[in-house]
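*Asks:* structure for the following, please:
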Amino acid sequence: MNRRPSITRLLTHSLALGCGILLASALADRSLFTLSPPAKAASLPPKTPARAALDTPSSSGAATAPGMSKSAIYQEAWTSLRAQPHNRQERTDRQLELLRQWAELDPEAAMQASLADGYIPLSWETGRSRYADAFAEIFRDRPVETLKILTSGRLTGDLSDLVGSWITSAAEKDPQLLLSLAGEFSPAERSTILSRLTEEGRPPSMPQVMEALITGLEPAEALDFIRTSWDGEAGPYDPLAAQDRSTQTESLLQQWLALPDGPGRTIALAQWALSAGNCRGEDFEAGWQQIPAADRALAARAMITLMPSNTATQPAVLDHAIEFGLWREILTYGVPALENARGPTPTIHRGEDDPGDPFASTPNPAPPPAGHPLLDWALKLPDRPEARMLLQTIVSRDDDAMELLMALPPGDWRRELGLTQRILQHSDSSEAATAYAALTDPRRRAAVDDYRRDRNLPPIPPPATPDQ
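*Replies:* Sure thing, here's the model as predicted:
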């Protein structure tokens with residue numbers, strides 16, 4: 001927008017006067033603060049339909065004054081401030097005010113200057129660079145223009161604080177605009193968006209918020225994001241919150257299968273997976289048989305990603321994950337879910353006796369399955385690193401594991417690994433002595449001895465005889 005000539009002259013002369021005062025107070029010694037070398041330019045995010053709003057040319061308002069642009073005057077003032085003998089607090093306060101004024105005129109130049117400064121003052125309130133927070137007002141007033149700068153690839157340095165400041169400002173000013181531009185951000189930055197939107201309570205349309213945040217992500221990546229949002233710092237996002245409390249797993253399954261590809265279908269898949277994880281084992285398998293073959297790999301991915309603790313479906317969920325080679329996901333999500341459980345796996349159903357809370361974990365009125373289904377399952381795993389970690393975790397949580405381990409043939413890798421785990425878990429018990437005596441692999445005995453020696457623990461005594 002063009003200003004009247006008289007206003008332009010007034011601003012030019014005022015700016016020159018103010019910056020001249022700053023320049024006059026600068027000292028010749030500029031070695032007090034040194035510049036860090038610029039970091040690698042940030043990579044561009046993928047294009048989204050909402051990016052069209054960012055592709056319109058922006059005007060920084062950096063009109064030129066005779067002999068020097070206004071932005072160049074600010075740059076000189078910024079450089080001069082770095083050489084002045086102020087203490088850090090005084091220098092930072094002056095720089096913050098300079099950045100605020102400079103950003104109104106030329107936000108890109110002001111951002112780059114703040115990124116190139118060798119000293120980054122942190123805010124106790126936000127945890128971000130105070131330089132980044134100096135742009136809060138311009139981010140609120142000109143969100144599209146400033147986001148275009150942040151995503152242009154022209155800025156060099158760590159943009160995370162600036163992006164965080166932009167997200168906070170946009171969340172306060174225009175949440176709908178923020179959501180429409182969510183595709184411009186990485187998954188980690190989208191988690192920040194969700195966190196900011198939920199700081200003052202859950203948004204009224206949480207499923208729509210989540211749809212916007214996973215738009216453009218591959219289904220597997222979207223499931224990871226939902227899981228992080230479900231139980232991470234950005235949450236809590238409950239994938240079942242959008243459903244009527246009387247909705248059952250079968251209905252959720254049919255809703256997912258009926259939807260076309262897209263974020264809505266991924267959310268429906270997550271809703272079914274989280275609900276199915278709390279079914280009886282036989283009910284889960286009956287539902288699984290209804291899933292078309294082409295969708296089963298993604299269904300297995302959803303189940304292992306959102307696998308809750310203490311459910312009767314854990315062996316089936318892990319079986320399907322192994323069927324599709326999801327070993328990385330088993331380590332990332334399956335093992336922690338098992339570690340969070342304690343004791344033999346109970347049978348949990350969806351609470352049909354309490355229709356007001358169908359997602360509560362209520363005891364199954366039928367007798368629990370006999371034996372140790374999860375440990376029985378683990379003892380049939382193939383020998384590979386991920387399977388060994390699974391077995392160790394499951395052996396640790398089953399108080400009656402010794403009986404099954406001792407029934408295996410001597411020298412079997414499952415027996416040796418399981419016995420070693422029980423020794424480490426119950427190092428001063430009679431069980432540890434029995435397990436140590438049953439080890440046939442001298443390398444494992446040596447490893448146990450080294451473990452105890454490193455911790456100044458006495459050697460394991462021989463197991464007690466019946467006469468003792």
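*Asks:* so how far is Pro308 from the closest residue to Leu318 other than its chain neighbours?
*Replies:* Distance criterion C-beta to C-beta, 6 or more residues apart in numbering; nearest residue to Leu318, sequence neighbours excluded, is Gly334 at 5.9 Å. (Each C-beta comes from the backbone N, C-alpha and C, glycine too.) The gap separating Gly334 from Pro308 is 11 Å, by C-beta to C-beta, to the nearest Å.
*Asks:* of those two, who's got more company?
*Replies:* Per other C-beta atoms under 10 Å, whichever of Gly334 and Pro308 has more neighbours is Gly334, with 25 against 18.
*Asks:* wait, a helix at the more buried one?
*Replies:* Yes: the assignment for Gly334 (DSSP: H, G, I helix; E, B strand; the rest coil) places it in a helix.
*Asks:* low-scoring stretches of the stretch 101-250 of the chain, by residue?
*Replies:* Within the stretch 101-250 of the chain, the segments meeting pLDDT under 70 span 118-119, 124-126, 200-205, 231-247.
*Asks:* which stretches of it form helices?
*Replies:* Here the stretch 101-250 of the chain has its helices, by DSSP state H, counting those that start in this stretch, at 107-116, 130-133, 136-141, 143-150, 160-173, 175-180, 187-197, 206-214, 219-231, 249-258.
*Asks:* hey, C-alpha coordinates of the longest one in PDB?
*Replies:* What follows is helix 160-173 as a C-alpha-only set of coordinates in PDB (Å, rounded to 0.1, in the frame of the first residue of the first chain):
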ATOM      1  CA  SER A 160      12.100 -24.100  14.700                       C
ATOM      2  CA  ASP A 161      11.600 -21.200  17.200                       C
ATOM      3  CA  LEU A 162      10.300 -18.900  14.500                       C
ATOM      4  CA  VAL A 163       7.900 -21.500  13.300                       C
ATOM      5  CA  GLY A 164       6.800 -22.200  16.900                       C
ATOM      6  CA  SER A 165       6.200 -18.500  17.400                       C
ATOM      7  CA  TRP A 166       4.200 -18.300  14.200                       C
ATOM      8  CA  ILE A 167       2.000 -21.300  15.200                       C
ATOM      9  CA  THR A 168       1.300 -19.800  18.600                       C
ATOM     10  CA  SER A 169       0.400 -16.400  17.100                       C
ATOM     11  CA  ALA A 170      -1.800 -18.000  14.400                       C
ATOM     12  CA  ALA A 171      -3.600 -20.200  16.900                       C
ATOM     13  CA  GLU A 172      -4.500 -17.100  19.000                       C
ATOM     14  CA  LYS A 173      -5.600 -15.000  16.000                       C
END
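*Asks:* how about residues contacting that helix?
*Replies:* With C-beta atoms under 8 Å, 6 or more residues apart in numbering as the contact definition, helix 160-173 has outside contacts at 111, 114-115, 126, 128-129, 131-133, 135-137, 139-140, 143, 146-147, 150, 155, 177-178, 181, 185, 189, 192-193, 196-197, 199.
*Asks:* ok now that helix, how far from the chain's centre?
*Replies:* Averaging C-alpha positions (C-alpha atoms, centre = their mean, to the nearest Å) puts helix 160-173 18 Å from its chain's average.
*Asks:* in it, what's buried?
*Replies:* Of the residues in helix 160-173, those buried under the neighbour-count criterion (16 or more other C-beta atoms under 10 Å) are 160-171.
*Asks:* now, among those residues, which is nearest to Met303?
*Replies:* When the buried residues of helix 160-173 are compared for distance to Met303 (C-beta to C-beta), Ile167 wins out at 31.8 Å.
*Asks:* distance of the closest one relative to Leu306?
*Replies:* Taking C-beta to C-beta as the measure, Ile167 falls 26 Å from Leu306.
*Asks:* do the same with Glu403
*Replies:* Using C-beta to C-beta, Glu403 is found at 33 Å from Leu306.
*Asks:* more neighbours: these two, which one.
*Replies:* Under the neighbour definition other C-beta under 10 Å, Glu403 and Leu306 were set side by side, and Leu306 has more, 25 against 10.
*Asks:* thought the more buried one was touching Trp230?
*Replies:* Yes: if you go by C-beta atoms under 8 Å, Leu306 and Trp230 touch, sitting 7.2 Å apart.
*Asks:* isn't Leu150 right next to Leu159, touching?
*Replies:* Yes: the pair formed by Leu150 and Leu159 meets the contact definition of C-beta under 8 Å, at 6.2 Å.
*Asks:* residues making contact with stretch 426-444?
*Replies:* Applying C-beta under 8 Å, 6+ apart, the external contacts of stretch 426-444 come out as 402, 405-406, 410-411, 415-416, 419-420, 422-423, 445, 448, 452, 457, 460-464.
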